[in-house]
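Novice: No sequence on hand, only this structure:
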């Protein structure tokens, strides 16, 4: 992929001086239009060979445009908090909001490439990480981001020469470190691996642009004009269609559903409940204090129809936990900062660090439930969400998180009974709104959405636990006991060995 | 202060069982009212002697109320990012939004007390830190927070007994670490220092509540009922008045002002400008790459009337910087997440970590400028803001930040000329809005607000640089040269020794 970036591309200083002022002006205009429309973010990845002018280009883009609306992030070795989260967490934190430009120096390519070149990671793992990146970038583009991936290349002799020239100049000698020369020794291996990475991630929606870095004028003008062209085309046109949705699959021919097949009659007496509650809370408490938990995190998702008992169940769980190590995150309407970001961003904010737990009261599944049923997003959006959610949970799990998801299932009649009960109870009637009654009318639509959700997102890494919850006591005990079982399974020695711990 | 917390307070289990259900119910109601009104946050500090039941109380509060709307944060040793920011940064990140409850386990008292007990820090420094806390808490209360400070005390024999009891119980023995016994040796010194800390920070607006921790029933009920009482009183009443504002000081009798005394005629030829620009940008670039800068951070504030040239000056500065190490933060209307927090919160978010720079295009000075003039906040709010801003900047400076503030001064006539010029320039007329013309009418009010601001917030740690900016070329050079001087002064060996570096 680097062949045409080794032919010595260059343009004269004269041409550069002619075209540069016009380009700057146009870039600045495009940036202000972008800001004013605030419809999509621009994400620029800057990667490439050392010495090929990455840093210079980043500085130049900031000089050409208005740096007040650009966020530049350089990614080096991970710090403590970054190591204690899934790998992609730090990149999610750095995504620019709609209308703004984010320049990611380093980006999500650096670590997979270096880990493979330095031979810490084998081919299969390398390919897996590239596949994860493809999925991630596809999601960014589908969410509306304009993603530009610049790769700055330098032929080997030019790289060597560049280091030598810098070293000879007293003002710039500090720029060349022994580490640079050490890395230069691996130039051939590095370029081979990079070539593979680029090939596998140069997709239709997010292609790489390889720029030869030998000549500063050529390099700068190419990067600037590509950026200008991409922003302007996007401002003038439509966001790209990443995938047309397939037709919505029809419901099963016999009309039977998973939710319909549950036994809603199961119940517990208060006495049996009390005894089992105490047992299970004690067991859960011991499990969460297990020394192995210091290396893991815990993500528990509670979903269910209105009045299914999520809140009261969550309280039975948290009673067994130490408040210093968990957080409950109730999901309501997104804030304006959250609306300016890709859909999953507001959940990534709350991903727990190693040793901590987060309980989500409603979650990212809103995308394929309320947003699907109410039409808050397009069919294409929620159809791709299953895949995005699975990828998200896989990232959580592979960073050591234990992911447990509970669907608290009640029947329509039971919901009606609870609504009426709430209406009649003075201190509970604030919990029941017109919207709740309206949602009830769409019960069949919800049922279908739930069925699809359970089928498409129950994975071995993050299975759904569907709990018949018409009897509150039964369902709380059921949740607690599945929670304990889930933790025991996750902490079992055999399982633990397969989890990669990062340090 | 602990005398009445050593008399063996206790209540019977029977009384507890009678009162607890009612208290829980009432707390839950109060919490939902708080959430619905969303007018103020509740901040609960939990501090005290080891073994006095701090952790148990935190868990109990979470069990009694709805943990979905409580944020519990435990503060231990600082991690990398925390050490690289001013001390209070991590507490700002953990403040609850309006309507929510934050439980701070540990809090801003732990470190000053331990540092003094363990004798790393002398009395004077200890007192200074307590004074900073007083100011900080005063600000929280003035911003509307309900601040509750619980101190759990345990007489020495009870503390020893508690550890022994825990150790004897196989299920709880893990709770007592050798470090606990080590710390217990310092019990007397610790309690003496705590007593001083509490005395000096038990203010009218934020008093300590000392609770004896020997008896779990007494301790829990006291904490719960105090919290309930405080929330309910506040829900029913008015926010406390922390300080009535003094009358606004009159303008100087002779009508002369600092801004009026500047020489606005000073100008540079384009040729002189170009030469000095290159010199200064080179000098600035070298200064920011000085190895000593890795231990410092840089906060630059740009303020000035509309069209004073802030944006174009910022670009002349950033051209000399490496985009990997700086960020420009433009301050516009706050987001909804920012509006739910104390005024300074949205600036604390952007405080740079060690080794990084942030340039603010407008800043926290909006409080004493636009918010004062337009009446967006009360007189009491902006009158106390001078003090709060000075404290904020002092915290920045004492953590190693170099703080430089520029007021870019133009005359009313010059502003008019620039507005008309912008109106006439097609690609610039979006930069001039009706609001800009309205603001112009209030020029005399702004002039007075600016005068007060300069007088009250120009400190030796963070001086204002007032720059006559009628000539854009002159003012850019002036800013760059003062910036270089400021950095040189801050990096000078004598100055560097007085800066505390934290590791």
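Specialist: Thanks, I have it. This one's a predicted model, so the numbers in the text were calculated from it and none came from an experiment.
Novice: from the stretch 251-400 of chain A, which residue is nearest to chain B?
Specialist: Across the stretch 251-400 of chain A, no residue is closer to chain B than residue A:324, which sits at 3.7 Å (C-beta to the nearest C-beta). Using the backbone N, CA and C atoms, a C-beta is placed for each residue, glycine as well.
Novice: Let me see the contact set for that residue.
Specialist: Contact criterion C-beta atoms under 8 Å, 6 or more residues apart in numbering or on different chains gives B:55, B:58, B:72, B:74, B:105 as the residues in contact with residue A:324.
Novice: How about stretch A:107-119, which residues are buried there?
Specialist: Counting neighbours by 16 or more other C-beta atoms under 10 Å in any protein chain shown, one finds that the buried residues in stretch A:107-119 are A:107, A:108, A:109, A:111, A:112, A:113, A:115, A:116, A:117.
Novice: Stretch A:188-203 too?
Specialist: Neighbour counts using 16+ other C-beta under 10 Å place A:190, A:191, A:193, A:194, A:195, A:196, A:197, A:198, A:201, A:202, A:203 of stretch A:188-203 among the buried residues.
Novice: if we can go back for a sec, confirm that the residue of the stretch 251-400 of chain A closest to chain B sits in a helix.
Specialist: No. When classified by DSSP: H, G, I helix; E, B strand; the rest coil, residue A:324 is found to be coil rather than part of a helix.
Novice: which regions of chain A sit below the pLDDT cut-off?
Specialist: When residues are selected by pLDDT under 70, those of chain A lie in A:426-431, A:494-503.
Novice: Near chain B, which residues of the stretch 101-250 of chain A are found?
Specialist: Taking C-beta under 8 Å from any C-beta of the partner chain as the measure of proximity, the stretch 101-250 of chain A contacts chain B at A:103, A:105, A:174.
Novice: how close does the closest residue to the last one other than its chain neighbours get to residue A:393?
Specialist: The one in question is residue A:174. When the adjacent residues along the chain are set aside, residue A:174 lies closest to residue B:289, with 7.7 Å between them (C-beta to C-beta, 6 or more residues apart in numbering or on different chains). Plainly put, residue B:289 is 43 Å away from residue A:393 if you go by C-beta to C-beta, to the nearest Å.
Novice: Can you name the next helix or strand after the longest helix anywhere in chain A?
Specialist: Criterion DSSP state H: the longest helix present in chain A is helix A:13-37. Sequence-wise, the next helix or strand beyond helix A:13-37 is strand A:42-48, with elements assigned using DSSP states H and E.
Novice: For the helix or strand just after that next one, name the packing helices and strands.
Specialist: The element immediately downstream of strand A:42-48 (helix or strand, assigned by DSSP H and E) is helix A:54-64. When contacts are defined as 3 or more C-beta pairs under 8 Å, 6 or more residues apart in numbering or on different chains; DSSP states H and E, helix A:54-64 sits against helix A:13-37, strand A:42-48, strand A:70-74, strand A:101-105, strand A:146-153, helix A:216-236, helix B:310-318.
Novice: Just checking the first one against chain B, any contact.
Specialist: Yes. Residues of helix A:13-37 are located near chain B by C-beta under 8 Å from any C-beta, namely A:25, A:29, A:32, A:36.
Novice: Show me how chain A divides into domains.
Specialist: As assigned by automatic domain parsing, chain A contains the domains A:3-236, A:261-497.
Novice: need those in a markdown table with distance to residue B:319, can you?
Specialist: Formatted as a markdown table, the domains of chain A follow (distance: least, C-beta to C-beta, whole Å):
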| stretch | distance to residue B:319 |
| --- | --- |
| domain A:3-236 | 5 |
| domain A:261-497 | 28 |
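Novice: follow-up on the earlier one: which one of the contacts of residue A:324 is nearest residue B:370?
Specialist: Taking C-beta to C-beta as the measure, residue B:370 sits nearest to residue B:72 out of these, at 36.7 Å.
Novice: before we move on, back to that, scan the contacts of residue A:324 and report the most crowded one.
Specialist: Using other C-beta atoms under 10 Å in any protein chain shown as the neighbour criterion, residue B:72 leads those with 25 neighbours.
Novice: so it touches residue A:323, yeah?
Specialist: Yes. Assessed by C-beta atoms under 8 Å, residue B:72 is found in contact with residue A:323 at 4.2 Å.
Novice: Need the overlap of contacts for those two.
Specialist: Counting by C-beta under 8 Å, 6+ apart, the common neighbours of residue B:72 and residue A:323 are B:58, B:62, B:103, B:105.
Novice: Let's have those residues in JSON lines, adding distance to residue B:462.
Specialist: Listed next are these as JSON lines, based on distance: C-beta to C-beta, whole Å:
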{"residue": "B:58", "distance to residue B:462": "37"}
{"residue": "B:62", "distance to residue B:462": "40"}
{"residue": "B:103", "distance to residue B:462": "33"}
{"residue": "B:105", "distance to residue B:462": "33"}
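Novice: Those residues: which two are farthest apart?
Specialist: B:62 and B:105 (10.9 Å).
Novice: Identify the contacts common to the two.
Specialist: Both residue B:62 and residue B:105 are contacted by A:323, B:72, under the criterion C-beta under 8 Å, 6+ apart.
Novice: since we're on the residue nearest to residue A:354 when sequence neighbours are not counted, how many residues are nearby?
Specialist: Counting by C-beta to C-beta, 6+ apart, residue A:354 lies nearest to residue A:84, which is 4.1 Å off, once chain neighbours are set aside. Other residues within reach of residue A:84, judged by other C-beta under 10 Å, total 20.
Novice: how about residue A:84, what does it touch?
Specialist: Each residue near residue A:84 by C-beta under 8 Å, 6+ apart is listed here: A:353, A:354, A:355.
Novice: Compare these and tell me which is most surrounded.
Specialist: Across these, the neighbour count under other C-beta under 10 Å reaches its highest value at residue A:354, namely 19 neighbours.
Novice: quick one: secondary structure of that one?
Specialist: Using three-state DSSP, the three-state assignment for residue A:354 comes out as coil.
Novice: pretty sure it contacts residue A:293?
Specialist: No. Taking C-beta under 8 Å as the contact criterion, residue A:354 and residue A:293 are not neighbours in contact, 9.3 Å apart.
Novice: now the helices: where do they sit in the stretch 401-503 of chain A?
Specialist: A:412-424, A:434-441, A:443-457, A:472-491, A:493-497 (DSSP state H, counting those that start in this stretch).
Novice: Which one of the ones you listed lies nearest to chain B?
Specialist: Nearest of the helices of the stretch 401-503 of chain A to chain B, taken as C-beta to the nearest C-beta: helix A:412-424 at 13.3 Å.
Novice: Please tabulate the helices of the stretch 401-503 of chain A in TSV, including the columns distance to residue B:374 and mean neighbour count.
Specialist: Supplementary listing: these in TSV, determined by distance: least, C-beta to C-beta, whole Å; neighbours: other C-beta atoms under 10 Å in any protein chain shown:
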stretch	distance to residue B:374	mean neighbour count
helix A:412-424	45	15
helix A:434-441	37	12
helix A:443-457	47	18
helix A:472-491	52	20
helix A:493-497	60	9
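Novice: For residue A:15, find the nearest of these.
Specialist: For these, the distance to residue A:15 is smallest for helix A:443-457, at 54.3 Å, taking C-beta to C-beta.
Novice: residues making contact with the closest one?
Specialist: Contacts for helix A:443-457 (C-beta under 8 Å, 6+ apart): A:249, A:251, A:257-259, A:305, A:365, A:368-369, A:372-373, A:386, A:389-390, A:393, A:405, A:407, A:412, A:439, A:464, A:466.
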